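[1] Below: sequence and its predicted model.
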Amino acid sequence: MDWPITGFTCFKCLQFINGPFKFLSKHLRLVHFVKTSAANRSNYTCAQNGCSETFYSGGSFYNHLHVCEKTSRTKPAVVMTVAQPALPNFDVNPPSPPVDVIGNDLFDENCENEAAEFDLTKSFACIMLKLRADFNVSHEAIDFISSEFQKSFLDFIVDSTTILDKVQETILALKNLNTQKKRSLYFKKHLGFKSPSEIPVGQPQQVTRLNGPSGLVTRFETPTFQYISLRTTLSALFSIQQFRDLYFSETESEDGFVRSHRDSLHFKKHPLFSRVTNALRIMLFFDDAEFTNPLGSKTKKHDQGIFNFIIANMPPSFNSQLSSIFPLAVCNGSLLRETGFDFVLNEIMNDIHALESNSGMLLDVDGFPGFRIRGTIVCLCGDTKGIHEVGGFMSPSADKFCRLCLIRRSQIPEVSDTQSVDFRNRVNYEEGVANANDLGKADSTTGIARPCKLNESRYFHITENLSFDSMHDF
C-alpha cells in the first residue's frame with residue numbers, strides 16, 4: 001500500500017509525476033522501460049529535490065522514496081534540466097602501416113588472445129556466440145547443448161582427482177552459460193558484445209493478446225524498435241587494430257581505373273571528402289525482410305524494416321564479406337506503414353549530425369582517448385519501393401515515377417535521351433515538398449509526398465542519390 005504522498009520526480013526525465021508511487025512506477029515502465037519490482041536489479045536514483053542517492057533494487061528504491069526527507073509533497077514550480085557539457089574539439093586520426101593480407105575473422109580478437117591465460121568459460125562462450133552468429137542456432141538449442149554437456153560430464157566423473165577437478169571446472173563453466181540471460185551478461189562483460197537499444201515510438205496503446213488457457217488479455221503496450229547507434233558500432237570497430245590498419249591505409253588508384261569510391265568523381269568533388277581524406281563514408285541500405293513462412297497469408301503482419309550500413313573506406317574484398325554489413329535499426333513493417341520513417345531516421349540523423357560536425361564524433365576507442373572521426377552518408381541503397389518510401393516520393397506506379405528526373409509515364413515512348421527531361425534537384429524537390437504541405441497530401445504534379453529526414457544532412461540529399469536497383473527498374 002502506498003503512503004499518502006502527492007508526487008515524485010522521475011530520475012530519467014525529471015518530470016514531476018503527481019500521485020502515489022504506482023504512478024511513478026507506471027511512468028518508468030511505459031515511458032522508459034524501467035521495471036521497479038523488488039526482484040529487479042538495476043540502477044535507481046532518487047531525484048527528489050536534490051537527493052541523488054542510488055539504489056540497485058526496486059524494493060530499496062521504493063522504501064527510500066517514502067522515508068526520504070527531500071521527497072516532494074507538492075508539485076515543484078520549476079523542474080530544472082541539466083545541459084550536456086560541450087565536447088572538446090580535437091581529432092585523432094593516427095595513420096597506420098598498410099596491410100597486405102585481409103583476415104576472414106577480423107572480429108574474433110576478443111575470442112582469440114593467445115597471450116591471455118586460458119579461460120574455459122570464455123572458450124565455451126565463444127563457441128556459443130559462433131553458433132548464434134555463424135549458424136543461426138536458436139537459444140533453446142544452445143540451452144539443450146549446455147545441459148546435455150553438463151549431464152555427460154557428470155556421468156564421466158571418476159575417482160581420479162585430476163580428472164575430477166577438470167570435469168568440475170567444465171561443469172561450472174557450462175552452468176555459468178546455460179541460459180540466454182547468463183550468456184548475454186557474459187558476452188557484454190568479457191567479449192565486447194553491444195546489445196541494441198529498445199526505443200519507444202509514440203504513446204502506449206491498448207492491445208488484446210491471447211494468453212494461453214486464460215483466454216484474451218487486454219493491456220497497454222508501447223510500440224518499440226531496436227537501434228544500434230553508429231557511435232557504439234564505430235567504437236567497437238576502431239578498437240580493433242586490424243580494422244584501423246585497413247581503414248587508414250586506403251589509397252587511390254594510381255593507374256586511372258576506378259576501383260573504389262575513393263577513385264570516383266563524387267569523392268574528388270565532395271565538399272567533405274576532398275578536404276578530409278580519412279573521413280568516414282557510410283553506405284546506408286534499407287529493405288523489408290520476411291521472418292515467417294513466405295507461403296503464409298499473414299506474413300506482412302510480421303515483416304521487419306531493416307537499416308544496415310557498410311563503410312566504403314574499407315577494401316572491396318573486406319566489404320564483400322557478410323560480417324562487414326553492420327545493423328543499424330530494426331522495426332516492425334506495419335509500424336513504418338502506419339507512422340512513416342521519421343521515428344527511425346530521427347535516431348540515425350542524430351548520429352549523422354555528430355559525425356558531420358566540425359569536431360567529429362567522439363568514440364570510445366581502447367588506447368586512444370579523445371578519438372574523433374568525421375564523415376557522412378555516401379548513398380542510400382535499396383529496392384525502388386523502399387527508396388521511394390524513405391525519400392518521400394510517391395509510389396513507383398505514380399505518373400511522375402522517377403526519383404532522378406521529372407518525366408511523366410506517358411512521355412516514356414517519346415524520350416530516348418536525358419537531354420529531353422528535367423532532372424530533380426534540391427530546389428525543385430523543396431518546391432514539391434511545399435506543394436504537398438499546402439495540399440495536405442502527395443503532389444501528383446511533382447511526384448513528392450513528404451520531406452525526407454536524410455536531407456537534413458550537411459552533405460547528402462536524396463535527389464543526388466544515384467544508386468539505383470537496376471533489376472527493379474527494368
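    That came in fine, so what should we check first? Residues are numbered from 1 along each chain as shown.
[2] from here on, contacts and neighbour counts on C-alpha atoms
    Fine.
[3] contacting residues around the helix of greatest length in the chain?
    Longest helix in the chain, counting residues (DSSP state H): helix 139-156. With C-alpha atoms under 8 Å, 6 or more residues apart in numbering as the test, helix 139-156 has contacts from Met128, Arg132, Val167, Thr170, Ile171, Leu174, Lys175, Leu177, Asn178, Thr179, Gln180.
[4] Can you name the element that comes right after it?
    Where DSSP states H and E defines the elements, the next helix or strand beyond helix 139-156 is helix 161-175.
[5] Flag every buried residue along that next one.
    Leu164, Val167, Gln168, Thr170, Ile171, Ala173, Leu174, Lys175 (16 or more other C-alpha atoms under 10 Å).
[6] Let me know the closest of the residues you listed to Asn358.
    Ala173 (48.0 Å; C-alpha to C-alpha).
[7] which residue sits closest to that closest one, ignoring its sequence neighbours?
    Thr121 (4.6 Å; C-alpha to C-alpha, 6 or more residues apart in numbering).
[8] pretty sure the one you found belongs to a helix, no?
    Yes: if the criterion is DSSP: H, G, I helix; E, B strand; the rest coil, then Thr121 is within a helix.
[9] which residues in the chain form strands?
    Per DSSP state E, the chain carries strands over the ranges 7-9, 16-18, 41-45, 54-57, 197-200, 205-210, 216-221, 224-227, 280-289, 304-311, 326-332, 361-362, 372-373, 375-382.
[10] neighbours of Gly440, just the number please.
    Gly440 is flanked by 11 other residues according to other C-alpha atoms under 10 Å.
[11] I'd like the distance between the residue nearest the centre of the chain and Ser197.
    Among the residues of the chain, Ile228 comes closest to the average C-alpha position under C-alpha atoms, centre = their mean, at 2.1 Å. From Ile228 over to Ser197 the distance is 6 Å, taken as C-alpha to C-alpha, to the nearest Å.
[12] Kindly report the same for Thr162.
    Distance from Thr162 to Ser197, by C-alpha to C-alpha: 45 Å.
[13] do the same with Glu148
    In terms of C-alpha to C-alpha, Glu148 sits 33 Å off from Ser197.
[14] how near is the nearest residue to Thr222 once chain neighbours are set aside to Ala398?
    Nearest non-adjacent residue to Thr222, counting by C-alpha to C-alpha, 6+ apart: Pro204, 4.1 Å away. Plainly put, Pro204 is 35 Å away from Ala398 if you go by C-alpha to C-alpha.
[15] Share the number of residues neighbouring Asn178, please.
    19.
[16] likewise the one 4 residues further on?
    Applying other C-alpha under 10 Å, we find 12 residues neighbouring Lys182.
[17] Not counting sequence-adjacent ones, nearest residue to Arg183?
    Leu177 (5.1 Å).
[18] Model confidence score at that neighbour, please.
    The predicted local distance difference test score for Leu177 is 88.
[19] next one: phi and psi at it?
    Per-residue torsions, Leu177: phi -130, psi 20 (degrees, to the nearest 10).
[20] list the contacts for it?
    Thr121, Phe124, Ala125, Ser146, Arg183, Tyr186.
[21] which one of those sits closest to Thr384?
    Looking across the contacts of Leu177 and measuring by C-alpha to C-alpha, the closest to Thr384 is Arg183, at 39.9 Å.
[22] Share the number of residues neighbouring Leu65, please.
    20.
[23] returning to what we had before: out of the strands of the chain, flag the one nearest Gln411.
    Across the strands of the chain, closest to Gln411 is strand 375-382 (C-alpha to C-alpha), at 25.9 Å.
[24] which strands and helices sit next to the closest one?
    If contacts are counted by 3 or more C-alpha pairs under 8 Å, 6 or more residues apart in numbering; DSSP states H and E, strand 375-382 sits against strand 280-289, helix 342-356.
[25] returning to that earlier point: so what's the residue nearest to Ala173 up against?
    So Thr121 contacts Thr170, Ala173, Leu174, Asn176, Leu177 (C-alpha under 8 Å, 6+ apart).
[26] So which helix or strand of this protein has the lowest pLDDT on average?
    helix 470-473 (a mean of 70; mean pLDDT, DSSP states H and E).
[27] got the domain boundaries for this structure?
    For the chain, the structural domains run 7-65, 112-190, 226-392+452-473, going by automatic domain parsing.
[28] and of those domains, who's closest to Arg209?
    domain 226-392+452-473 (14.8 Å).
[29] Quick check: closest non-adjacent residue to Thr251.
    Arg262 (7.7 Å).
[30] Give me the neighbour count for that neighbour.
    Counted with other C-alpha under 10 Å, Arg262 comes out at 20.
[31] Could you check how far Asp422 is from Ala436?
    20 Å.
[32] of the two, who's got more company?
    The neighbour comparison of Asp422 against Ala436 (other C-alpha under 10 Å) goes to Ala436, with 21 against 11.
[33] check contacts around that one.
    Ala442, Asp443, Ile448, Ala449, Arg450.
[34] and what of Val415?
    Val421.
[35] Is there a neighbour count for the closest residue to Thr232 other than its chain neighbours? I'd like the number.
    Of all residues not flanking Thr232 in the chain, Lys194 sits nearest, at 7.4 Å (C-alpha to C-alpha, 6+ apart). Neighbourhood size, Lys194 [other C-alpha under 10 Å]: 15.
[36] likewise Gly391?
    Gly391 - counted by other C-alpha under 10 Å - has 24 other residues nearby.
[37] Could you pull up the residues touching the nearest residue to it once chain neighbours are set aside?
    Spatial nearest neighbour of Gly391, excluding adjacent residues (C-alpha to C-alpha, 6+ apart): Cys452 at 5.0 Å. By C-alpha under 8 Å, 6+ apart, the contact list for Cys452 reads Val390, Gly391, Gly392, Ile462.
[38] Which pLDDT value belongs to Cys452?
    94.
[39] Is Lys301 in contact with Ser334, as I believe?
    Yes: when contacts are counted by C-alpha atoms under 8 Å, Lys301 is listed as touching Ser334 (6.5 Å).
[40] closest one to Thr208 among the domains of the chain?
    Among these, domain 226-392+452-473 sits nearest to Thr208 (C-alpha to C-alpha), with 15.4 Å.
[41] Against Cys10, how distant is the residue nearest to Lys35 when sequence neighbours are not counted?
    Spatial nearest neighbour of Lys35, excluding adjacent residues (C-alpha to C-alpha, 6+ apart): Arg29 at 5.5 Å. Using C-alpha to C-alpha, Arg29 is found at 11 Å from Cys10.
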